[in-house]
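1. with the sequence up front, the predicted model follows.
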Amino acid sequence: MKHLIPFTKSEPMVAVIRLQGSIGAGGRSQLNDQALGPLIDKAFKKSKPAAVALVINSPGGSPVQSSLIAARIRRLAEEHAVPVHAFVEDVAASGGYWLALAADDIWVDRGSVVGSIGVISAGFGAPVFLARQGIERRVHTSVKSKSMMDPFLPEKKEDVARLRTILEQMHEGFVDYVLSRRGDKLTDEKDIFTGEFWLGRRAIELGLVDGEAHMMPKLKQLYGEKVRIRKYERRRGMFSRLGATLANDAVSAIEERADYARYGL
């Protein structure tokens, strides 16, 4: 009833958004702007929060979705003049670190994995397998580049060169964003932009993050012992809650597991 009594000061409230999982436009479990947009909007707009906290546990994924989510967070933070704090759990690497950069400060656990500022493209090639099975791949295009990196055709040097150019351009965009958000805090460590990653305390030394802290103690330090928390998390669908998944979700889960495994998690 306290909030109904006029002239009564309520305790500060912090909206907490959990960003957990790989980033991509595909599976239902993946983080993407379309799924998270309404949740992020509500966190900034509902009940006038004193701040927004991002709880991040992501090995990365789509650079475009990472950029869209981070841009939405920054836009709302500036529109509503609300500070944003990021708290890294197991990992904020690659696109996961991109999400953390949307915050005004980034806090980690001693064992958190941070960094991997780079872009990767991975896939499989099966032309030899098809040939052994007596299967012929037939592709007809109106222009030469439409069949680029077809997994059922032999890899072409010109396709690899073209892909590397695209990856380099994406990497430049990632580096530019890191510099725009933390340029004055970074050291001159030569490996920062090579895809290397580090544990929490080393990440602090490099200027990739601001310090070692867990969410609740830090929020109490910043907003008082009686700070209130309002959590915003994606709700899993009925089939996910019952453990039933479609084939596409199963594949996404395997890919996500592989993404975490790259960081020893």
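-> Done, it's in. Residues are numbered from 1 along each chain as shown.
2. can you classify the residue lying closest to G118 once chain neighbours are set aside by secondary structure?
-> Among residues not flanking G118 along the chain, G195 sits closest, at 3.2 Å (CB to CB, 6 or more residues apart in numbering). Just so you know, the C-beta spots here come from the backbone N, C-alpha and C atoms, and that holds for glycine as well. Under DSSP: H, G, I helix; E, B strand; the rest coil, G195 falls in the coil class.
3. begin at 605 from here
-> Happy to do that; since the first residue is 605 now, the last one works out to G799.
4. residues contacting G628?
-> For G628, the contacting residues are Q634, L635, N636, G665, S666, Q669, S856, by CB atoms under 8 Å, 6 or more residues apart in numbering.
5. so what pairs up with the fourth one in the strands?
-> If I follow you right, that is G665. Counting by DSSP bridges, G665 forms beta bridges with I627.
6. phi and psi next, for I710.
-> When read as degrees, to the nearest 10, the backbone of I710 gives phi -130, psi 130.
7. how many neighbours does it have?
-> I710: 29 surrounding residues under other CB atoms under 10 Å.
8. same question, G699
-> Using other CB under 10 Å as the criterion, G699 is surrounded by 28 other residues.
9. that one against L672, yeah?
-> No: when contacts are counted by CB atoms under 8 Å, G699 is not listed as touching L672 (10.8 Å).
10. where do the strands sit along the stretch 755-869 of the chain?
-> In the stretch 755-869 of the chain, strands defined by DSSP state E, counting those that start in this stretch lie at 801-803, 815-816, 832-836, listed in chain order.
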